[in-house]
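[1] starting from these lines, generate the structure:
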Amino acid sequence: MPQSNTVEVLYQNHHSWLTGWLRRKLGCPQSAADLAQDTFMRLLTARETPTLAEPRAFLTVVAKRVLFNHYRRQDLERAYLQALAEIPEQVVPSEEERAIILQTLMELDQLLDGLPCPVKRAFLLAQIDGLSHADIGARLGISVATVKRHLTKAALRCYFAL
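    Numbers count the residues shown, from 1 in each chain. Reported below is the predicted structural model:
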């Protein structure tokens, strides 16, 4: 069965159930509807949809990943808004700049997902804070050689993501 037909059948047979499941998790019908759509969009953009013996179990796994990303996005947005609240009013970015920065932060978070925490921290200290290798090593309590390995690992992740 072609992929689009499989996703179409999944959508027709299980969309209402999935939306209800997400509504119980989130307590918000609008967010549940959005995340149900995101779940099916993820299936549509997947390379291949497997033949499913338990479609609801499969949808639950995919929806949990979408839900996890939703919570991460909310956490990132809260942290960004908190950081904005702490900077002087004269350097606060415009609404358009805020949206661009937030989108960039979300993309960066997704890009670095899966890397060990020390690798992420070293990368962010170098790229955002502009610290030298020696300063990063001192801050994280690691050698300069380890900092270089961490930065290489993060740079390779970014390069291959492109």
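[2] can you give me the strands for the protein?
    Counting by DSSP state E, the chain yields no residue ranges for strands.
[3] hey, which helix is longest across it?
    helix 55-85 (DSSP state H).
[4] average pLDDT for that one?
    Across helix 55-85, pLDDT averages out at 91.
[5] residue 133: how many residues sit nearby?
    18 (other CB atoms under 10 Å). No exception for glycine: its C-beta is placed from N, CA and C like everyone else's.
[6] the longest helix of the chain packs against which elements?
    Contacts defined by 3 or more CB pairs under 8 Å, 6 or more residues apart in numbering; DSSP states H and E place helix 55-85 against helix 3-26, helix 29-45, helix 95-112.
[7] only the buried residues of that helix, if you could.
    For helix 55-85, the neighbour count (16 or more other CB atoms under 10 Å) marks 55, 58-60, 62-63, 66-67, 69-70, 76 as buried.
[8] closest to the centroid, which residue in this protein?
    residue 110 (4.0 Å; CA atoms, centre = their mean).
[9] could you find the closest non-adjacent residue to that residue?
    residue 69 (7.8 Å; CB to CB, 6 or more residues apart in numbering).
[10] what's the answer for residue 92, then?
    Here the residue nearest residue 92, using CB to CB, 6+ apart, is residue 84, at 6.3 Å.
[11] ok, so what distance separates that neighbour from residue 105?
    Distance of residue 84 to residue 105, computed by CB to CB, to the nearest Å: 12 Å.
[12] with respect to residue 144, which of the buried residues of helix 55-85 is nearest?
    residue 76 (29.7 Å; CB to CB).
[13] just confirm that closest one contacts residue 106, I think it does.
    Yes - if you go by CB atoms under 8 Å, residue 76 and residue 106 touch, sitting 6.1 Å apart.
[14] can you pull out the low-pLDDT segments for this protein?
    The chain contains residues with pLDDT under 70 at 1-5, 162.
[15] if you set the cut-off to 80 instead, what comes out?
    1-5, 47-52, 161-162 (pLDDT under 80).
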